[in-house]
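S.K.: return a 3D structure for these sequence lines:
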Amino acid sequence: PVVGVGLLYHQGYVHQLIDENGWQQDLYEPISGEELPAEPVLAADGQPVRFSVELPGRDVFLKIWRVRVGRSDLLLLDARDDANSPDDQALTARLYGGDQETRIQQEILLGVGGHRALGVVGVKPAVLHLNEGNSAFALLERGRELVELQGLEPAEALREVAAMSCFTTHTPVEAGHDRFRADLASSHLEALARGLKMPIDEVMALGSEHPGDPNAPFCPTVLALKLTRRANGVSALHGRVSRKMWQGLYPGKSEEEVPIGHITNGIHVRTWMSADMYSLLLQHLGPRWLDRISHADLWTRIDKARDAELWEVHQVLKARLFAFARRRLADRRERLGLARPEREPLEPEALTLGFARRFATYKRADLLFQDLDRLDRLVNHPERPVQIVYAGKA
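M.R.: Residues are numbered from 1 along each chain as shown. The predicted structure is shown next:
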């Protein structure tokens, strides 16, 4: 049984418009609860349940929405409460964006508020799984609960927290991990420190790569690594990169001994595979092939498929992608009053690379442009030209 916890971003992720100079223009549109496959969690009196989370100088009130995903529940926290200031209501407005103060407050609502939300709906988790460092403050909230409600000593409570918690890190570059200024983090963690009956400097040390330095930044990823019993990257290579990145947290251990493993990212195949390719595999692998997808012997059957069959499906999907991209480009030209190009973009016979990512700097979308001579040879090869479709939001 799994229960997911997140924030209800009531303006979602940015709607993107590209202007005549190629710049992204951001549009944010409010989303009402009635537009979503979500239901408010109600109290016994039929009113939406609400609870509060401490932020510096005030409490922020949260409501809970429930999304039923198959046999699992997803709980989403919403700060649109009349008791909150407009600025606090906006804390659950948007995914990404905002300054460091906004970011740490969102992460406290997610971690502390998320753990409290589980209690509000009557869920007692056996395991806390943290997906990236953004939710790491849930560990401190769990510790506070053990100290205040069960009377555990702080050190004992944190050992108990680590025993029931595991952590997945996703980001293999330094820039993808939050680091909050020491003064900003300490002012936001005071309430948790009081609840844990720990001095604030000891709580700060839990998230520091340099615990002896009072001015060192606070990193939620470090907090998660220190207060969980198991950590993993999301591929074998990422596991190796993570062990190298965080080796300094484990003095005396070699890089190979750093206790960060890996579990390779996967997808829900039926959702992400095109109907055309699914039908082809169904024909050659049998009606229950999805149940045996990790069995190596299953994939020997694909040899029965003719190369021409696979190539035909590939070409159909490629043509569909080109039609979609050309239609989007034509809509943009019409919106901006631009002239039609002399020839349609995208050459059907060229090798086509797709780059579909969020355009955060650390994802390195510009890597191919570091060596322009090499790029020139690739895209303008007289016999084997390459073309690239970039898609994403900045």
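
S.K.: scan the protein for its longest strand.
M.R.: Among the elements of the chain assigned as strand by DSSP state E, the one spanning the most residues is strand 58-69.

S.K.: OK, contacts around Gly113?
M.R.: Residues touching Gly113, when contacts are defined by C-beta atoms under 8 Å, 6 or more residues apart in numbering, comprise 51, 53, 62, 77. In this view, the C-beta of every residue, glycine as well, is placed from N, C-alpha and C.

S.K.: pick the one among those residues closest to Glu20.
M.R.: Top of the list for closeness to Glu20, among these and by C-beta to C-beta, is Leu77 at 39.6 Å.

S.K.: where along this protein do the helices fall?
M.R.: Taking DSSP state H as the test, the helices found in the chain are 86-89, 100-108, 114-120, 137-150, 154-163, 182-196, 200-206, 220-226, 236-245, 269-272, 275-285, 307-336, 372-379.

S.K.: surely Glu107 touches Ala138?
M.R.: No: Glu107 is beyond contact range of Ala138, at 9.7 Å (criterion: C-beta atoms under 8 Å).

S.K.: ok, these two, which is more surrounded?
M.R.: Ala138 (28 against 22; other C-beta atoms under 10 Å).

S.K.: just to check, the more buried one is in contact with Leu109?
M.R.: No: the pair formed by Ala138 and Leu109 falls short of the contact definition of C-beta under 8 Å, at 10.9 Å.

S.K.: and for these two, which residues touch both?
M.R.: By the contact definition C-beta under 8 Å, 6+ apart, Ala138 and Leu109 are jointly contacted by no residue.

S.K.: so how far is stretch 321-336 off the chain centroid?
M.R.: The gap between where stretch 321-336 is centred and where its chain is centred comes out at 29 Å by C-alpha atoms, centre = their mean, to the nearest Å.

S.K.: got the CA positions of it in CSV?
M.R.: What follows is the C-alpha trace of stretch 321-336 in CSV, where atoms were taken according to Å, rounded to 0.1, in the frame of the first residue of the first chain:
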residue,chain,number,x,y,z
LEU,A,321,5.9,13.6,-34.7
PHE,A,322,6.7,15.7,-37.8
ALA,A,323,3.1,16.5,-38.4
PHE,A,324,2.6,17.6,-34.8
ALA,A,325,5.7,19.8,-34.8
ARG,A,326,4.9,21.4,-38.2
ARG,A,327,1.3,22.1,-37.0
ARG,A,328,2.6,23.8,-33.8
LEU,A,329,5.1,25.9,-35.8
ALA,A,330,2.4,26.9,-38.3
ASP,A,331,0.1,28.0,-35.5
ARG,A,332,3.0,30.1,-34.1
ARG,A,333,3.7,31.7,-37.5
GLU,A,334,0.0,32.5,-37.8
ARG,A,335,-0.3,34.0,-34.3
LEU,A,336,2.8,36.2,-34.9
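
S.K.: could you pull out the buried residues of it?
M.R.: Using 16 or more other C-beta atoms under 10 Å as the burial criterion, the residues of stretch 321-336 that qualify are 322, 325, 329.

S.K.: also stretch 265-278?
M.R.: Under 16+ other C-beta under 10 Å, stretch 265-278 has no buried positions.

S.K.: same check, this time on stretch 80-100
M.R.: Within stretch 80-100, the residues that count as buried by 16+ other C-beta under 10 Å are 80, 84, 88-94.

S.K.: next: stretch 218-232.
M.R.: Per 16+ other C-beta under 10 Å, stretch 218-232 contains these buried residues: 218-228, 231-232.

S.K.: distance between the ends of it?
M.R.: Start-to-end span of stretch 218-232 (C-alpha to C-alpha, to the nearest Å) is 21 Å.

S.K.: mind checking the pLDDT average for it?
M.R.: Mean pLDDT, stretch 218-232: 97.

S.K.: any idea how far it is from the chain center?
M.R.: Stretch 218-232 has its C-alpha centroid displaced from the chain centroid by 16 Å (C-alpha atoms, centre = their mean).

S.K.: again with stretch 150-161
M.R.: 29 Å.

S.K.: same question, stretch 248-257
M.R.: Taking C-alpha atoms, centre = their mean, one finds stretch 248-257 lying 27 Å from the centre of the chain it belongs to.

S.K.: list the contacts of that stretch.
M.R.: Applying C-beta under 8 Å, 6+ apart, the external contacts of stretch 248-257 come out as 209, 222, 225-226, 243-244, 247, 258-259.

S.K.: show me which of those is closest to Ala185.
M.R.: When the contacts of stretch 248-257 are compared against Ala185 (criterion: C-beta to C-beta), the nearest one is Val222, at 11.4 Å.

S.K.: pull the contacting residues for the closest one.
M.R.: Remark: with contacts taken as C-beta under 8 Å, 6+ apart, Val222 is in contact with 206-209, 246, 249.

S.K.: who wins on neighbours among those residues?
M.R.: Of those, with other C-beta under 10 Å as the count, Gly207 tops at 29 neighbours.

S.K.: show me what contacts that one?
M.R.: 136, 185, 218-220, 222-223, 226.

S.K.: so who does the residue nearest to His238 when sequence neighbours are not counted touch?
M.R.: Nearest residue to His238 in three dimensions, chain neighbours excluded: Pro172, at 5.3 Å (C-beta to C-beta, 6 or more residues apart in numbering). For Pro172, the contacting residues are 233, 238, 241-242, 245, taking C-beta under 8 Å, 6+ apart as the criterion.

S.K.: want to throw those into CSV with distance to Glu334 and neighbour count?
M.R.: Conversion of these to CSV gives the following (distance: C-beta to C-beta, whole Å; neighbours: other C-beta atoms under 10 Å):
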residue, distance to Glu334, neighbour count
Gly233, 45, 24
His238, 43, 21
Val241, 45, 18
Ser242, 47, 24
Met245, 47, 21
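
S.K.: relative to Gln100, which of those is nearest.
M.R.: When the contacts of Pro172 are ranked by distance to Gln100 (C-beta to C-beta), Met245 comes first, at 21.2 Å.

S.K.: residues contacting the closest one?
M.R.: When contacts are counted by C-beta under 8 Å, 6+ apart, Met245 is found next to 172, 174.

S.K.: what's the answer for Leu146, then?
M.R.: Leu146 makes contact with 152, 156-157, 160-161, according to C-beta under 8 Å, 6+ apart.

S.K.: fine by me, we can end here.
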